[in-house]
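Undergrad: sequence? don't have it. structure:
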DNA sequence: GAGATATGTCAACAAGGCTGACCCATTTTG
DNA sequence: CAAAATGGGTCAGCCTTGTTGACATATCTC
């Protein structure tokens, strides 16, 4: 009760890093922004008994239809066993289907069903609304700046992955693989 | 019949939302950026056997020295029981001390020790470096735009909390707070 | 003194990460 | 062709961090 202030454990009462060169504002802002950003879909997901993990899987399967399990693992950076748990549920509930790879029959290409596409859309909607509202407050023309900043926050080695995502406002993916 | 392509479950092969008004780019960027942003501290934390929860507690105790348990709960938006677990560890390891509230002796004011301040600093450093590197890539003058955007992403009711955090950089010690 | 409040704590449970071990089918290689 | 490597699935168990619900204790307020 009163012993916690013992030797060497003096409380520091001064504010953190008033003059230090730490980006405390942006660190905290990132924390709060991301927390609320993910809270919208969480509501919808809880209806189906899904969680954030399902959301991510569903999102990327919709975004890159036909990607293989290995590719998905590489995007999400989680283990096969972690993925299996949620992927199985999404398949069992008819949100995602697997198709045997045409070239390599060991592979399983993942595609959304109509149901899965719908859910992914429903999940992306409130997030998109939040983003657009924020952009409106920031100045609509800042979209590109924000995007550049966020991308620059990503580990350089991983940015290639982002570039491989289809441009959300143009072509699709399912055409021809560029090499063989 | 165990093929998952059974009736009504046709795979959709077209890319997600080619023309839909969804902010897919920014949604994904936020995901990747936040993931890598939190990965730096995770490494350091694993040394002490701590996790992300400890990080958040330590951060805000350093940022608002003397805040009470109730105030901390309100910032983190978790339950008392969740907080208790990690807070206890931080106290036992001498990173945080509790001081009985001077006015209301039921309260426990939380302060970092020198050790706790050090760790918080070590955790904030790589994140700050990442942010500064990203700002450099984006255009150093964009800091304010980025900050405005992130703040606008936060639920409006919760923005007041952010305003109550001490301004980490330029002083408002010599006058009025400079609007947001 | 009674009741509200701030905090602590016990117990149980869930989600979603992880590791390790193994299996099966298929492709690649020697 | 046989053997090894690869893509994928699964079982089992562990960890962290969130959740509820129920109480205990000290202290403040009326």
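TA: The structure has been received and is ready for your questions. Remember, it's a predicted structure, so these values are computed and weren't measured experimentally. Residues are numbered from 1 along each chain as shown, chains lettered A, B, ... in the order given.

Undergrad: tell me the secondary structure of the residue positioned nearest the centre of chain A, please.
TA: Geometric centre of chain A, nearest residue: residue A:56, 5.6 Å, by CA atoms, centre = their mean. Under DSSP: H, G, I helix; E, B strand; the rest coil, the three-state class of residue A:56 is helix.

Undergrad: which one is residue A:149 nearest to, not counting chain neighbours?
TA: Excluding the flanking residues, the one nearest residue A:149 by CB to CB, 6 or more residues apart in numbering or on different chains is residue B:138, at 4.4 Å. (Each C-beta comes from the backbone N, C-alpha and C, glycine too.)

Undergrad: close to DNA strand D: what parts of chain A are there?
TA: Applying CB under 7 Å from any atom of the strand, we find that chain A lies next to DNA strand D at A:68-70, A:80-81, A:84, A:87-88, A:98, A:101, A:104, A:106-108.

Undergrad: now with 6 Å?
TA: Residues of chain A lying close to DNA strand D by CB under 6 Å from any atom of the strand are A:68-70, A:80-81, A:84, A:88, A:98, A:106-108.

Undergrad: just name the closest of the residues you listed to residue A:116, please.
TA: residue A:98 (12.1 Å; CB to CB).

Undergrad: if you skip the residues just before and after it, what's nearest to the closest residue to DNA strand D within chain A?
TA: Proximity of chain A to DNA strand D (CB to the nearest atom of the strand) peaks at residue A:70, 3.0 Å away. Excluding its sequence neighbours, the residue lying closest to residue A:70 (CB to CB, 6+ apart) is residue A:107, at 7.7 Å.

Undergrad: ok, the one you found touching residue A:69?
TA: Yes - look at residue A:107 against residue A:69 with CB atoms under 8 Å: they come within range, at 7.4 Å.

Undergrad: leaving out sequence neighbours, find the closest residue to the closest residue to DNA strand C within chain A.
TA: The nearest approach of chain A to DNA strand C comes at residue A:51, 1.6 Å away (CB to the nearest atom of the strand). Leaving out its chain neighbours, the residue that sits closest to residue A:51 by CB to CB, 6+ apart is residue A:45, at 6.1 Å.

Undergrad: the one you found belongs to a helix, doesn't it?
TA: Yes - using three-state DSSP, the assignment for residue A:45 is a helix.

Undergrad: what's the burial count for residue A:23?
TA: 24 (other CB atoms under 10 Å in any protein chain shown).

Undergrad: check the residue nearest to residue A:70 and give its pLDDT.
TA: Confidence at residue A:107, expressed as pLDDT, is 97.

Undergrad: what does residue A:179 give?
TA: Value listed for residue A:179 in the pLDDT field: 38.

Undergrad: now swap in residue A:167 and tell me
TA: We have a pLDDT of 71 for residue A:167.

Undergrad: please name the nearest non-neighbouring residue to it.
TA: residue B:25 (8.0 Å).

Undergrad: and the host helix or strand of that neighbour, does that touch DNA strand C?
TA: In the assignment (DSSP states H and E), residue B:25 maps to helix B:24-48. No - Helix B:24-48 does not reach DNA strand C (CB under 6 Å from any atom of the strand); its nearest approach is 10.1 Å.

Undergrad: for that helix, give the mean pLDDT please.
TA: So the average pLDDT for helix B:24-48 ends up being 94.

Undergrad: which residues are in contact with that helix?
TA: Helix B:24-48 is contacted by residues A:30, A:33-34, A:37, A:56, A:59, A:63, A:77, A:124, A:127-128, A:131, A:143, A:146-147, A:150-151, A:153-155, A:158, A:161-162, A:165, A:167-168, B:16-17, B:51-52, B:54-55, B:93, B:119, B:122-123, B:126-127, B:130 when judged by CB atoms under 8 Å, 6 or more residues apart in numbering or on different chains.

Undergrad: quick check: residues of chain A near DNA strand C?
TA: So chain A meets DNA strand C at A:49, A:51-53, A:78-79, A:81-82, A:86, A:104-106 (CB under 6 Å from any atom of the strand).

Undergrad: which of those fall within helices?
TA: Judged by DSSP state H, those include A:52-53, A:81-82, A:86 as members of helices.

Undergrad: for those residues, which single residue is the most surrounded?
TA: Most neighbours among these, by other CB under 10 Å: residue A:86, with 20 neighbours.

Undergrad: ok, now which ones touch that one?
TA: Contacts of residue A:86 (CB under 8 Å, 6+ apart): A:50-51, A:53-54, A:57.
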